[in-house]
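> Have a look at this fold, sequence not included:
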């Protein structure tokens, strides 16, 4: 046994000496790259962008350029936005998966124990670009660390058909819920209802139901983030109004919609208005020959945007915030950080920003005055989405519990249950019970 080990050591030493003596020729002859020289691969998982030009830009331009500049391999993977959270969970449980994963809203808080502190990159970004918006900082940081590097805010505004509203007697989009319901009723009678999802989908459903709740004076918890206070007169009134609104003016198939169905419904001209990012308008710009009005004009000439209406307690917005998390299990953390730095250099981020045409709003003040916003007045309402958004969990912090509530669609389901026939008081009691399971 001892003699065998001695012979193996001598053999190994001889091989190393031979390799050293032959230099590069020996390496090539061996057919293997030395371990220390092997190229690292950074795996980035992100959503399938609602602006196809952006994913094309990453694939054809940004990723190849990053690989060349950084000397690393980039594996870009895209999935439907609704599939991101299951992938995050499974990757953490298995201890393996993408190095960088795009986060929606407070996934950052929910998975804080499983990600790398990105404070150095986030604070550098803030310093270079005029400061991070309060909304982005609250979503991505718990005050001790940044769980993700803020990427962009997808502003939620109502896209509507200008001419159809005018035919129904409206010179502008309604700025309060009573007028919104009355107009929707008129348009539904003409076969042109408003469209809205109350389904389990990441963007448009909570983007509507959370601001709607807040506008009536309802909220999940007090500022302490613990005391559940959703069961109030204000919340019940909001549920009752939603039930009537749904019957009077909405496309009732919206209960089953995801974040793509309302886009298709609007572009096929079966609904007259819907809460959305700017992707409907951008798609109509991209294919003016395909999307035309009933009078044969480009559909994009008949689309405008407006914020959600106000209620008794005010006017609010909840906009999808995206960040990028670096996972603790990653074996390529240094390379992944370099890639994120590369993405956030001004020249590279501009490629992303301009490909979006205003669909995504940057998270720092610098971009607010960018010339892109002057190019198309129809996009102007999206300009300040990142500045004006209110975070989930109001009046408490947008922490892991608030994200759990969002991920379970409790607020959205409260309205969906009532629309499907549950008495308003019972649907609110149900929501109260579910919230207490999370917060108490």
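Perfect, thanks for sending it. Just so it is clear, the structure is predicted and the values come from calculations on it, not from any experiment.
> Quick one: low-confidence residue ranges for the chain.
1-38 (pLDDT under 70).
> Got the domain ranges for it?
What automatic domain parsing lists as the domains of the chain is 38-153+320-377, 157-318+408-439.
> Let's have those domains in CSV, adding distance to residue 389 and mean neighbour count.
C-beta: built from backbone N, CA, C; applies to glycine. Shown next, in CSV, are those (distance: least, Cβ to Cβ, whole Å; neighbours: other Cβ atoms under 10 Å):
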stretch, distance to residue 389, mean neighbour count
domain 38-153+320-377, 5, 19
domain 157-318+408-439, 6, 19
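> need the ones you listed in TSV with distance to residue 383, can you?
TSV is the format used below for these (distance: least, Cβ to Cβ, whole Å):
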stretch	distance to residue 383
domain 38-153+320-377	5
domain 157-318+408-439	11
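> Out of those domains, which is closest to residue 387?
domain 38-153+320-377 (5.4 Å; Cβ to Cβ).
> Let me see the ranges of the helices in the stretch 251-400 of the chain.
Using DSSP state H, counting those that start in this stretch, the helices of the stretch 251-400 of the chain run over 261-267, 279-286, 333-343, 346-356, 385-388, 400-407.
> Need those in CSV (columns: distance to residue 115).
Output for those, formatted as CSV (distance: least, Cβ to Cβ, whole Å):
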stretch, distance to residue 115
helix 261-267, 31
helix 279-286, 28
helix 333-343, 11
helix 346-356, 21
helix 385-388, 22
helix 400-407, 12
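> for those helices, which one sits closest to residue 103?
Closest among the helices of the stretch 251-400 of the chain, once you apply Cβ to Cβ, is helix 400-407, at 9.8 Å.
> Name the nearest residue to residue 95, sequence neighbours excluded.
Excluding its sequence neighbours, the residue lying closest to residue 95 (Cβ to Cβ, 6 or more residues apart in numbering) is residue 329, at 4.7 Å.
> Would you map the helices across the stretch 51-200 of the chain?
Counting by DSSP H, counting those that start in this stretch, the helices of the stretch 51-200 of the chain are 52-57, 63-70, 84-94, 107-110, 119-128, 134-140, 162-167, 177-189.
> how about those in a markdown table, adding distance to residue 154?
Shown next, in a markdown table, are those (distance: least, Cβ to Cβ, whole Å):
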| stretch | distance to residue 154 |
| --- | --- |
| helix 52-57 | 12 |
| helix 63-70 | 22 |
| helix 84-94 | 13 |
| helix 107-110 | 14 |
| helix 119-128 | 19 |
| helix 134-140 | 12 |
| helix 162-167 | 23 |
| helix 177-189 | 22 |
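> Minimum distance to residue 359: which of those has it?
Nearest of these (Cβ to Cβ): helix 52-57, 8.2 Å.
> ok, and the closest non-adjacent residue to residue 338?
residue 70 (5.5 Å).
> Next: residue 366.
Residue 366's closest residue in space is residue 129 (Cβ to Cβ, 6+ apart), at 3.9 Å.
> what sits against the one you found?
When contacts are counted by Cβ atoms under 8 Å, 6 or more residues apart in numbering, residue 129 is found next to 346, 362, 364-367.
> Pick out the most distant pair among those residues.
346 and 365 (13.7 Å).
> thinking again about what came up before, for the helices of the stretch 51-200 of the chain, which one sits closest to residue 299?
It is, among the helices of the stretch 51-200 of the chain and with distance given as Cβ to Cβ, helix 162-167, at 10.4 Å.
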